[in-house]
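Participant: the following comprises the amino acid sequence and a computationally predicted model.
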Amino acid sequence: MPAMTACCFGNLVSRDKKRRERKEKGRSKNLGNELNLLANLAPPWCGDKQCFNTAEMVNFTSALATIIRAGDPKGRPITSGFAAPRPQAWHQEHCNLTDPHCDYWGLDTEEQFREMLAAEHQGMEVIEFSFFFFWNNLSCKI
């Protein structure tokens, strides 16, 4: 299983299990509740080191999707359950927090937003996400 930090894995599994148990039969499978919002975050969000990266998250969700597909004779589609990528998701994936030449907290362009949206949903049949509007300067430059 891909590396996941203890800060979210236990809560994710128990919360997602309860959520799936409440879902109606015959509907799509939704994996994680906004897990992508933790990817690449700097300390202190996941302790004293940076949270898991996008590749580790995709390995985890792909492995989980494989297990679900193996036990689902109806072949229902699987969605990630992610939120829209953070406005800085691309920068946080590609920039080091301490690099003065790459803005870790920089806002992504539309192209970078699309790249992260596709990267985060590898292995899913459906791209479906929660989108929240923030009335401040954290909106994506699109």
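Facilitator: Here it is on my side, so go on. Numbering: from 1, shown residues only.
Participant: for residue 118, which three-state class applies?
Facilitator: With DSSP: H, G, I helix; E, B strand; the rest coil as the basis, residue 118 sits in helix.
Participant: where do the strands sit along this structure?
Facilitator: Per DSSP state E, the chain carries strands over the ranges 29-30, 78-79.
Participant: which one of these has the lowest average pLDDT?
Facilitator: When the strands of the chain are ranked by mean pLDDT, strand 29-30 comes last with a mean of 63.
Participant: low-confidence ranges in this structure?
Facilitator: For the chain, the stretches flagged by pLDDT under 70 are 1-32, 130-142.
Participant: and if we set it to 50?
Facilitator: 1-16, 22-24, 135-142 (pLDDT under 50).
Participant: skipping its backbone neighbours, what lies nearest residue 62 in space?
Facilitator: residue 123 (4.0 Å; CB to CB, 6 or more residues apart in numbering). The way it works is simple: take the backbone N, C-alpha and C, and place the C-beta from them, glycine included.
Participant: does the one you found touch residue 63 like I think?
Facilitator: No - in this structure residue 123 lies outside contact range of residue 63 using CB atoms under 8 Å: 9.1 Å.
Participant: neighbour-wise, which of these two wins?
Facilitator: Of the pair residue 123 and residue 63, residue 123 is the one with more neighbours under other CB atoms under 10 Å, namely 16 against 13.
Participant: residues contacting the residue nearest to residue 62?
Facilitator: Contacts here follow CB atoms under 8 Å, 6 or more residues apart in numbering; on that basis residue 123 touches 58, 61-62, 65.
Participant: most neighbours among those, please name it.
Facilitator: That'd be residue 61 among those, by other CB under 10 Å, with 24 neighbours.
Participant: hang on, it packs against residue 79?
Facilitator: No - counting by CB under 8 Å, residue 61 stays clear of residue 79, with 10.2 Å between them.
Participant: residue 49 against residue 97, yeah?
Facilitator: No - judged on CB under 8 Å, residue 49 makes no contact with residue 97 at a distance of 10.8 Å.
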